[in-house]
Every structure is written in C-alpha cells, then in structure tokens.
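Student: sequence below, structure please.
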Amino acid sequence: MSMFQLAWGNVKSSFKHYISLVLSLSFTILIFLNFQNLVYSEAFAVMGEHNKSYSDMLVQTVSAVLGVFMVFFTGYATNVFLNRRKKEIGIYVFMGLTNQKIGKLYMIEMAMVGIVTVAVGIGFGILTTKLFQMIVLSMSEITVDIGFHVHIKPVLITAAFYLAVYLFFACGGYISIVRSSVLKLVSASRQNEYVRQPIVILMLKAAAGIGILAAGYWLAVKKGGQEVLENALLAVILVIIGIYFLFGGFLPMIFQGLARNKAFLYRNERNLWVNQLVFRMKKNYRSYAMVCILMLCSVTALAASLALRGRYENIVHFRNTYTYQLLSSRSDLDQDARRLIEQENELAYGTSISLLMIQDQEEDGAAQREQPDKQFVLLSWTQVKQLAKEAGLAFELDQLQDTEIIEAEHLYLLSLITEKSGFSVRILGKDYRQAAAVNEPYLGYLQESMSLYIVNEAEYDRLRPLGQELYAYNYKIKDADNYKASIKALDQLVSSAEDEYTARIVTGADDVGKDVAWIKVLYSLGVFMFMVFIMAGGSILFMKLYNDAFEDQERYAVLQKLGCSYPTLKHAIGRELLAAYALPFAVMAVSSYFSVHALENMMYVSLAGVRLVSLGVIFLFFLFCYWISVRIYLINTNIRRM
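Tutor: Numbering: from 1, shown residues only. Next up, the predicted model:
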C-alpha cells in the first residue's frame, strides 16, 4: 500500500475528526473571499471617487484584520488537530515506519484536507458573493444593480494566502512529528496546555490578572485630552493580558478550591464534573481566554459601527438644521432674504444672530489649549438663547460669569478629547475657564467651519470694539425638496449687496452628508465583523470540545461500567460544557461594559441598549452551540442509554 493510499484511507476512516477542521477553516475562507471580491467590484463607484476610496480602504482594513485572524485561527486549528492525531500517528512507529515517513503521511493527509477546505470555502464563497454584496449595500443604503460577478483575482488571492498559511503550519506539524519521540507521539493527545502549578503561583497570577484588568478598565473609561488615544491603546493591551491571567490563574484557583471542598464536591454528583472542569481549565485556559477576547471584540465592533451610523445621521441632521444661510457684515438683510425665500417657499422658521470675529495676535504661552490660528468667533449667551427658542433647539446652558465661556462645537465622528471643561482659553490677554461644550446645531453648517465660543452679554459688549461683527441669517423651509427654487434669488441678493462681505454659506439640501457617506459602509462592515467574531469564538469552543470528547471515551466507558446511568453522565457533561461557554461569556459581559463606555465617552452617545442587544445575540448563539455540543459530546464519547 502506497503512502497516498494509506493517507486517503485515514482521511476516509477519520472523516468525523476532520469535519470540524474543514468547516471552521472553510468559513474563514468564505468570509475573506467575499471581502476581497467586494474590493474588486464596482459596487462603491456610485458613491463617488472620494467615498469609494474610503470604502475600499475600510474593506481592505477589515480584510487585513480577517487575514490576521485567519493566520491565528489556522494555526490554532491545525495544532489542536495535530495533538488529536499524534497518538494515532504514533502507532505507526510500532509498524516499522520512521518519523520521517510518519511526517510524510501527515503532510499528505493535511494536503488532502487543505485542498478540500479551499474547494469548499471558495465554492460556497462564490455562491454567496451576490448575497453578500446585496446585504452590505442594503445595510449601507447604496442603490446599485448587482450582477453575479466573480473576479478571478480575489479567488487567487484568497487561495494563495490560505494555502501559504496552511502550508506553513502543516510544515510546522511535520517538523514536530519528525522531532518527537515515540512516547511523546503516543501520549500527546493527553498532554495539557498548562503545566500544573503550585497554589502560590496561581494566587500570584490571579492577583496580577485582577490588578491588570482593573487598570485596563480604569484607563478605558478615564476622561482626558489628547492622551485618551494612548490610554485606549494601553487599555486594550492590559485587558487582553488581564483576561489571560484571569483564565490562567484566578479561575483555576477558584475551581481547585471548590474541588478541595468535600462538602461541595460530593453533593449532587458534582465530583463527576468539577474535577474534570479543573482539568479542562488547566488544559484549555488559552482557548477560553481567546474566545472571551473575540466576543469582546464582537461587542465593541457592533457598538462602534452603530455609534458611527448614528453619528452620520446626526451629522446630516446637524447640517440640515437650516436650508439657507447667509453671512454678512450688514445687519439689515433679514427682511429682504425672507421676502425672496417666501416667493417660492414657505418658511418653517428663520433666525439671525451676530458673530464677533476676534483676531488674537498675542503670544499665548500660558494657555492650556492650543489655538493655532488665534482666531475666535464669539456669540452672546442671550442671543443664542433667543435663536434656540426661534429654531426649536434645546438650550440648557447655565448663565455665564465674565470669566467663563462655552464652546459651541460641531459633531465629530470620533472625539479623542473626552474632558470638555475645566481648562482655560486665552483671548486678547484674558483667561476664560471653559465651563462646558455643546454640539447643538445653533448655527448649523456654519458651526462646522468656525471655532465658536459663547460668552455672556456683558463680555460680548466689552469685546465688540476689539473685533469685527458679522451677522448670520438662517432659514429653514418646509418643503426641503423645493430648495433650488430660491437659490437664484438669494445669490442675486448676495451679489447686489453693497458691503464689505456677504455670502451664501451653504444650501442645506445640497448633497448633505455626501462627503461622509463612507460611514454607512463602515456600519455594515462592523455588523459583519460582529457576526464573524461571534462565529469564530463559537467555532473555537465547539472545535475544542468536539475533539476533547474523543479523549474522554475511555473515562466515560469506565464510568458506565461502574454503574453511572445515562442521565447522570449527561447531567455531568452538561454542567462541564456549560462552564466552558458560561465563563468566557461572563468575563466578556463585564469587560464589554468598560469598552462600550469608552466609546460612549468619545462619541457622546448612549450605547447601553446596543450592548444589551449584542450580549443577547451572543447568549443565544452560545446557547445553540452548547445544545449542539452536548449532543455531539454524547455521541463522540459513545455514551448510550442502557
């Protein structure tokens, strides 16, 4: 019998061992192929060159993240599979085969599995290409005719990338087999990932894990200035390290303590699964930590995408506060502008307000906040309050002292400055304490192009002689679709105005939000990343438990011979697998509060509902995986009803 025939026979006889590997890796190939195909399609061309370039960059970034995950997941899956097969492969030593020939047999088997995996992944990826694009474009609200087009380049890139990664880890397995002893090959399937450690070591790891996690949580929610980005990056690193220490030290210490508590252990037949759970925690803690981190990434990805989608809608609403805006040095254009607009449209509301332009030439060495252009635009608190009343906008700003200001800022996609009060701003030699910041669209689109500060009426009057006063006229019509009807008349008013400066700043309905339409694509990609991370985490746990079941066949066979009933063993397995799914979920649920809260600070939006929904989705998915795992575990351990 040739090596190829022997390898093919092994693949056929051990197909149930291979199926979890093939399905999990095929899923990663399917997703990666669809993202690559999206890049080479013309789906985003209708958004314009600017948005298409941003969208392509986002898809490539997500593809890079998926590529990193594919490398990691492929290495993990092949390593788990190799440890499962080593014992069986080691038997060939007693048949007279050398380690080199055993390694060659392993490589042939892995090549067969790799080819099948690529074929399945790319095949289903091609079949789902149109569906994938339809979902992405529908979620992004992009209208375009989609044909069934599969580009050869994404297929080649996906196949080449996966096969290169797969070959690398397969060669690693070959080297491991060649360098392994007979005893190591035979006992490999029972070797722990975690060497038994004294309780003192576990206590130190537990303390380190709790301390590092607490530091990461604190940095995640800490408010501040430009250091917020550094804090966020450091928080990510600390939380990842803390989770690994938690699963590698704290949780094993807890379960070892429970196993030593005889009153707890021997009640309700807990000894059948608590000791086994202690072994699993020592053996699989890296897997549990990895799943927890993936789930945390999924919740954060969904929260970020929904927050950005909401911010996009708010930006569009912000810019649509007014349909027309005029900026002029004349204070008597309001009636003329209203009359021209009302010839073609009915006004919903109109407002006017004065703006004081301050050009500060003074050196600002003492200021705590840098102002590169030294130009400030001041608004009167009293006038802003009146404008908000006329436009129906919220106004909850406390009356200001002579040394206080409020910044009227525009909506940022993401603000790295989460502390908006307490620092000073120096204007014409006087230090003002910023009492707050507000992003209510009092001046609509005009608010995006200026650094606006609100001062009290007395301070505004004091500074009036030191700056240039302009007037903003803002109008909103009831029929936004008819906005073009009044543009020509307003432009004639602007051109005929005999003053130093008059301009029509913006027309609210002119492609509002088009420059940030790529955010809608980011939203859809975030939802897909949410699903991918969930599937990945569930696949890792399912695959690990699927293979662990084969190791427990002898143990459960002995327990059945000793008289343990089927319901008792099923109950023990259910409790053991429940812990495998519940522990990563519980740690993730706690950690997600801090990651989502950090996003809330940077995006000024409530995401508590999003977090609860995402936790609910993950809970239901894990519940389904748990239900399947229990039934497959019973089958793979050969537990039967007597």
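Student: helix or strand with the lowest mean pLDDT in this protein?
Tutor: Least confident helix or strand of the chain, by mean pLDDT, DSSP states H and E, is helix 182-187 with a mean of 57.
Student: nearest residue to residue 424 in space, please, no chain neighbours.
Tutor: Excluding its sequence neighbours, the residue lying closest to residue 424 (CB to CB, 6 or more residues apart in numbering) is residue 431, at 4.6 Å. The C-beta positions use only the backbone N, C-alpha and C, and glycine is treated the same way.
Student: on that earlier part again, could I get the average pLDDT for the helix or strand just after the least confident helix or strand of the chain?
Tutor: Of the helices and strands lying after helix 182-187 in sequence (DSSP states H and E), the nearest is helix 199-221. What helix 199-221 shows for mean pLDDT is 86.
Student: which positions within the helix or strand following helix 199-221 qualify as buried?
Tutor: Once the chain leaves helix 199-221, the next helix or strand it forms, by DSSP H and E, is helix 228-245. Neighbour-count burial for helix 228-245 flags 228, 231-232, 235-236, 238-245 (criterion: 16 or more other CB atoms under 10 Å).
Student: could you single out the nearest of the residues you listed to residue 392?
Tutor: Of all these, residue 228 has the smallest distance to residue 392: 33.4 Å, by CB to CB.
Student: show me what secondary structure element comes after the helix or strand hosting the residue nearest to residue 424.
Tutor: Assigned by DSSP H and E, residue 431 belongs to strand 430-438. Next along the chain after strand 430-438, taking DSSP H and E as the criterion, comes strand 452-455.
Student: and that following strand, which strands flank it?
Tutor: If you go by DSSP bridges, strand 452-455 pairs up with strand 375-380 (parallel), strand 404-408 (antiparallel).
Student: and the strands in the stretch 451-600 of the chain?
Tutor: With strands called from DSSP state E, counting those that start in this stretch, the stretch 451-600 of the chain shows them at 452-455, 468-477, 502-507.
Student: weakest of these by average pLDDT?
Tutor: Mean pLDDT values for the strands of the stretch 451-600 of the chain show the minimum at strand 502-507, a mean of 67.
Student: of the strands paired with strand 452-455, which is nearest residue 105?
Tutor: Across the strands paired with strand 452-455, residue 105 has its closest neighbour in strand 404-408 (70.1 Å, CB to CB).
Student: quick one: that closest one to chain centroid distance?
Tutor: On the basis of CA atoms, centre = their mean, to the nearest Å, strand 404-408 sits 33 Å off its chain's mean C-alpha point.
Student: pLDDT value on the closest residue to residue 209 other than its chain neighbours, please?
Tutor: For residue 209, ignoring the flanking residues on the chain, the nearest one in space by CB to CB, 6+ apart is residue 245 at 3.0 Å. Reading off the confidence values, residue 245 has pLDDT 88.
Student: do the same with the one 3 residues further on
Tutor: pLDDT recorded at residue 248 is 84.
Student: which residues touch it?
Tutor: Neighbouring residues of residue 248 by CB atoms under 8 Å, 6 or more residues apart in numbering: 194, 205, 209, 285, 286, 289.
Student: and the residues you listed as JSON lines, adding distance to residue 423?
Tutor: Shown next, in JSON lines, are the contacts of residue 248 (distance: CB to CB, whole Å):
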{"residue": "194", "distance to residue 423": "49"}
{"residue": "205", "distance to residue 423": "41"}
{"residue": "209", "distance to residue 423": "36"}
{"residue": "285", "distance to residue 423": "45"}
{"residue": "286", "distance to residue 423": "44"}
{"residue": "289", "distance to residue 423": "40"}
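Student: quick check, nearest of these to residue 532?
Tutor: residue 289 (18.9 Å).
Student: residue 304: neighbour count?
Tutor: By the measure other CB atoms under 10 Å, the count of residues near residue 304 is 23.
Student: please, which helix or strand holds it?
Tutor: In this structure, residue 304 is located in helix 274-319 according to DSSP H and E.
Student: that helix relative to helix 199-221, how many degrees between them?
Tutor: Interaxial angle, helix 274-319 versus helix 199-221 (axes from the mean of the first three to the mean of the last three CA atoms, to 10 degrees): 10 degrees.
Student: so after helix 274-319, what's the next helix or strand?
Tutor: The helix or strand immediately downstream of helix 274-319 is strand 324-328, counting by DSSP H and E.
Student: so which elements touch the next helix or strand after that next one?
Tutor: Per DSSP H and E, strand 324-328 leads on to helix 334-342 as the next helix or strand towards the C-terminus. Under the contact criterion of 3 or more CB pairs under 8 Å, 6 or more residues apart in numbering; DSSP states H and E, helix 334-342 touches strand 324-328, strand 347-359, strand 468-477, helix 487-496.
Student: any chance of the ones you listed in TSV with mean neighbour count and distance to residue 424 as columns?
Tutor: Formatted as TSV, the helices and strands packed on helix 334-342 follow (neighbours: other CB atoms under 10 Å; distance: least, CB to CB, whole Å):
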stretch	mean neighbour count	distance to residue 424
strand 324-328	24	29
strand 347-359	17	16
strand 468-477	21	24
helix 487-496	14	38
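Student: those into a markdown table, with extra columns for distance to residue 574?
Tutor: Putting those into a markdown table (distance: least, CB to CB, whole Å) gives the following:
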| stretch | distance to residue 574 |
| --- | --- |
| strand 324-328 | 65 |
| strand 347-359 | 62 |
| strand 468-477 | 62 |
| helix 487-496 | 70 |
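Student: one step back: make a PyMOL selection of the buried ones in the contacts of residue 248.
Tutor: The PyMOL command for the buried members of the contacts of residue 248 (criterion: 16+ other CB under 10 Å) is given here:
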select buried, resi 205+209+285+289
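Student: residues contacting the residue nearest the centre of the chain?
Tutor: Centroid check for the chain by CA atoms, centre = their mean gives residue 301 as the closest residue, at 1.6 Å. Residues near residue 301 by CB under 8 Å, 6+ apart: 526, 529, 530, 533.
Student: number of nearby residues for the closest residue to it other than its chain neighbours?
Tutor: Nearest residue to residue 301, sequence neighbours excluded (CB to CB, 6+ apart): residue 529, at 4.3 Å. If you count neighbours by other CB under 10 Å, residue 529 ends up with 22.
Student: with residue 565 instead?
Tutor: Residue 565 has 12 neighbours, counted by other CB under 10 Å.
Student: against residue 554, how distant is it?
Tutor: 19 Å (CB to CB, to the nearest Å).
Student: what does residue 36 give?
Tutor: According to CB to CB, residue 36 stands 45 Å off from residue 554.
Student: of the two, who's got more company?
Tutor: residue 36 (24 against 11).
Student: right, and the more buried one touches residue 154 too?
Tutor: Yes - counting by CB atoms under 8 Å, residue 154 is a contact partner of residue 36 at 3.6 Å.
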